[in-house]
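A.B. asks: Requesting a structural model of the entry that follows:
(chains A and B)
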Amino acid sequence: MPHCSNQANAWQEYPQADVLAPPQALPIDTVKVSAGFPSPAADYEERRLDINEYLVPNPVSTFFFPVQGDSMQGAEIFDGDILVVDRAIKPRHRHIVVAFVNGDRLVKRLHVRDGRCALLAENPAYPVLEIREGTELVIWGVVTGKFKRFSV
Amino acid sequence: MAIFGLFDNNNFYASCEKLFAPRLKDRPVVVLSNNDGCVVARSAEAKALGIPMGEPWFKLQEQARQHGIVAFSSNYELYADLSDRVVQVLRQFSPNLEVYSIDESFLSLDGFGHIDLEEYGRQIRERVLQWVGLPGCVGIGPSKTLAKLANHCAKKSLAGSDGVCNLLALSAGELDELFGRIEVGEVWGVGRKIDARLREMGIASVRDLRDADPAMIRTRFSVVLERTVRELNGVSCLSLEEVAPDKQQIMCSRSFGEPVYELDDLLDAVATYMSRAAEKLRGQQGEATALMVFLQTNPFKPDEPQYHPSMTVPLPDPTADTRVLVQWAQRVATRLYRRGYAYKKAGVMLSCIQPAGVSQGSLFDSPSSTDAKAGTLMALMDGINQKWGRGAIRLAAERRHHPWQMRRDRMSPRYTTSWADLPSVLAK
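C.D. replies: A predicted model of the protein is given here:
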């Protein structure tokens, strides 16, 4: 077992925080390490991958919505997934969309064909939602992706 | 010739509240000031009900029940994020832009004279509406004052169409007629007092002010109003301020959610405000040479004992170090504090601000290496707070949960800035 009493002592040297005492400089030192050989990979450095670039190419118009329910299982959208919704994309036939319908926020497959507009579920247990005259409908944005974290 | 555009969001706070809440679609919505006091924003439906700006919320209870008015506390986290998104969309339309307020930005359209500016304005509006979901209007003119007036015309449908008004497209006769119909008080920079004085002189409409003698306006009023007259005549006197000028004073004060009696709680509040002020100070690369602290009891409760002390102290060395500034602010607050009062408000102000690094070292200066280390530490604090959210790292003197914190009982979720607050969608 390496013993660490030195570190413990070092910490005890620091003064107690007392805001009414005169200013104490905190021991921050910018230590530059320069020893050994330069890395052979130094000329090949690239920026590490950032998941935002993959999931959110247009952050200005992108919003996140967690999912409640199982009506979109057929589109691989499950309860608890977080949807990536990009408002910059104009909604078209077959897009998965977030829609405001009669006061609810829903996720549905948009169907616009032959003068008929409907919101489809991707689970046979749920009915088709026909959009008729008088239905309050706002297509809020187009779903472009999803993400989820597992508990570990 | 200079060309300015002004983009202004309609009922900004109320529109933000409606964006994620489908049930609010056609409901009257109002947003309340700090501590849920007065109405500071109204949706179109609330305006139609005749609810005045600044009305105390407690006076609106009856009307609220009757018409189903929904009231929100100010959700600054949400408004700031959406405002930032709007500005980023606007930047796609002009590289030169001045963010004038949370819901207004000037765009320089110099060199855009050959294109159809109305069409351009419509594209701006449509893209902000589509990308961010917030409606707005565009005014275009040869000066900032005229762009602002054009925006007013667009908003009130006095001229232009589809929420866009370009005064450059109007003939002299059309402008005469339009300006004759608009009250002088609508002009940018004409406040209530100036408005009254102008009216006494028979200057009642925008047209009257535009045609007034600039020299006379200058002698009777000020150079500022003279400039307004020139701007109304299409002479651009105010340029785009792309970078906000550094502030000479930085103030941070709040009313408490509930009265504060104890010194400890006051010191907490003062530390928090000073930390925020110091962060702003470093944001403009400044150092303060003096600071002021004030305390206030509630002037609206005249039967309670009143006490409104303040004290300014010069600092021995100019500094932007939160630790030093908080210490001083707390020392001053301790001196000001008297037991037995119900404090309603406290604040701090940093003044005599100078650019960092120009100060002369004092005779009794501490070793200069500590300055460099303090700078590193402060930069580190600001970086952490930027990345992880304000207050992620703070002095032990600022407590996290405070009895004095602003009351925001009616706040909507922070839909776009907090993982816990994301708006869910139903898959049903």
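
A.B. asks: List the buried residues for stretch B:38-58?
C.D. replies: Under the neighbour-count criterion of 16 or more other CB atoms under 10 Å in any protein chain shown, stretch B:38-58 has B:38-43, B:45-46, B:49, B:51, B:55, B:57 buried. Bear in mind the C-beta positions are built from the backbone N, C-alpha and C, glycine included.

A.B. asks: Tell me which helix or strand comes right after the worst-scoring helix or strand of chain A on mean pLDDT.
C.D. replies: The least trusted helix or strand in chain A, going by mean pLDDT, DSSP states H and E, turns out to be helix A:5-12, with a mean of 38. Next helix or strand after helix A:5-12 toward the C-terminus (DSSP states H and E): helix A:51-55.

A.B. asks: Quickly check: that following helix near chain B or not.
C.D. replies: No. Counting by CB under 8 Å from any CB of the partner chain, chain B is not contacted by helix A:51-55; separation bottoms out at 14.0 Å.

A.B. asks: ok, and for that helix, which residues are buried?
C.D. replies: A:L55.

A.B. asks: in its sheet, what does the helix or strand following it sit against?
C.D. replies: Sequence-wise, the next helix or strand downstream of helix A:51-55 (DSSP H and E) is strand A:62-69. Sheet pairing here is set by DSSP bridges, and for strand A:62-69 it gives strand A:82-86 (antiparallel), strand B:425-427 (parallel).

A.B. asks: so B:A147 makes contact with B:L6?
C.D. replies: Yes. Look at B:A147 against B:L6 with CB atoms under 8 Å: they come within range, at 4.2 Å.

A.B. asks: shared neighbours, these two?
C.D. replies: The contact sets of B:A147 and B:L6 overlap at B:106, B:139-140 (CB atoms under 8 Å, 6 or more residues apart in numbering or on different chains).

A.B. asks: out of the residues you listed, who's nearest chain A?
C.D. replies: B:F106 (19.5 Å; CB to the nearest CB).

A.B. asks: residues contacting the residue lying closest to that closest one once chain neighbours are set aside?
C.D. replies: Take B:F106 and drop its neighbours on the chain: the residue closest to it by CB to CB, 6 or more residues apart in numbering or on different chains is B:E98, 4.3 Å away. Contact partners of B:E98, counting by CB under 8 Å, 6+ apart, are B:105-106, B:240-242.

A.B. asks: What strand or helix carries B:E98?
C.D. replies: Taking DSSP H and E as the criterion, B:E98 maps to strand B:97-101.

A.B. asks: where in chain A is pLDDT low?
C.D. replies: Across chain A, the ranges flagged by pLDDT under 70 are A:1-34.

A.B. asks: Report how many residues lie close to B:V86.
C.D. replies: Residues lying near B:V86 (other CB atoms under 10 Å in any protein chain shown) number 25.

A.B. asks: Also B:M274?
C.D. replies: Neighbour number of B:M274 under other CB under 10 Å is 30.

A.B. asks: cool, and the one 10 residues further on?
C.D. replies: For B:Q284, the count of nearby residues is 16 (other CB under 10 Å).

A.B. asks: Flag every residue of the stretch 151-300 of chain B that's near chain A.
C.D. replies: Neighbours of chain A within the stretch 151-300 of chain B, by CB under 8 Å from any CB: B:A271.

A.B. asks: Tell me where the stretch 151-300 of chain B has strands.
C.D. replies: Counting by DSSP state E, counting those that start in this stretch, one finds strands in the stretch 151-300 of chain B at the ranges B:164-166, B:250-260, B:286-297.

A.B. asks: right, so these: which one is the most enclosed?
C.D. replies: Sort these by mean neighbour count, taking mean count of other CB atoms under 10 Å in any protein chain shown, and strand B:164-166 sits at the top with a mean of 27.

A.B. asks: Show me what that one is packed up against.
C.D. replies: On a contact count with 3 or more CB pairs under 8 Å, 6 or more residues apart in numbering or on different chains; DSSP states H and E, strand B:164-166 meets helix B:117-132, strand B:136-141, helix B:144-155.

A.B. asks: Return the list of strands paired to the shortest one, each annotated with direction.
C.D. replies: What it means is strand B:136-141. If you go by DSSP bridges, strand B:136-141 pairs up with strand B:4-9 (antiparallel), strand B:164-166 (parallel).

A.B. asks: Ok, which of those strands comes nearest B:M411?
C.D. replies: Closest to B:M411 of those, according to CB to CB: strand B:4-9, at 19.9 Å.

A.B. asks: Just after the closest one, pick out the following helix or strand.
C.D. replies: Taking DSSP H and E, what comes next after strand B:4-9 is helix B:12-19.

A.B. asks: related to what we said a few turns ago, output the helix or strand just after the strand holding B:E98 in PDB, but only the C-alpha positions, please.
C.D. replies: With elements assigned by DSSP H and E, the helix or strand that comes after strand B:97-101 is strand B:104-108. Extracted in PDB, the C-alpha atoms of strand B:104-108 (Å, rounded to 0.1, in the frame of the first residue of the first chain):
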ATOM      1  CA  GLU B 104     -34.800  43.000 -31.200                       C
ATOM      2  CA  SER B 105     -31.800  43.100 -33.500                       C
ATOM      3  CA  PHE B 106     -30.600  45.600 -36.100                       C
ATOM      4  CA  LEU B 107     -29.200  44.200 -39.300                       C
ATOM      5  CA  SER B 108     -27.000  46.200 -41.600                       C
END
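
A.B. asks: tell me how far strand B:104-108 is from the chain's mean position?
C.D. replies: 15 Å (CA atoms, centre = their mean, to the nearest Å).

A.B. asks: pLDDT averaged over that strand - what is it?
C.D. replies: Across strand B:104-108, the average pLDDT comes to 96.

A.B. asks: Pairing partners for it, with directions?
C.D. replies: Each strand paired with strand B:104-108, and its direction, by DSSP bridges: strand B:4-9 (antiparallel), strand B:97-101 (antiparallel).

A.B. asks: Redo the ones you listed as CSV? Include distance to B:K25.
C.D. replies: Formatted as CSV, these follow (distance: least, CB to CB, whole Å):
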stretch, distance to B:K25
strand B:4-9, 18
strand B:97-101, 26
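
A.B. asks: Touching, B:A46 and B:S15? I think so.
C.D. replies: No. Look at B:A46 against B:S15 with CB under 8 Å: they stay out of range, at 11.8 Å.

A.B. asks: Tell me, how many residues neighbour B:A172?
C.D. replies: Neighbours of B:A172 under the rule other CB under 10 Å: 7.

A.B. asks: Taking the stretch 151-300 of chain B, what residue is nearest to chain A?
C.D. replies: Per CB to the nearest CB, B:A271 is where the stretch 151-300 of chain B lies closest to chain A, at 7.5 Å.
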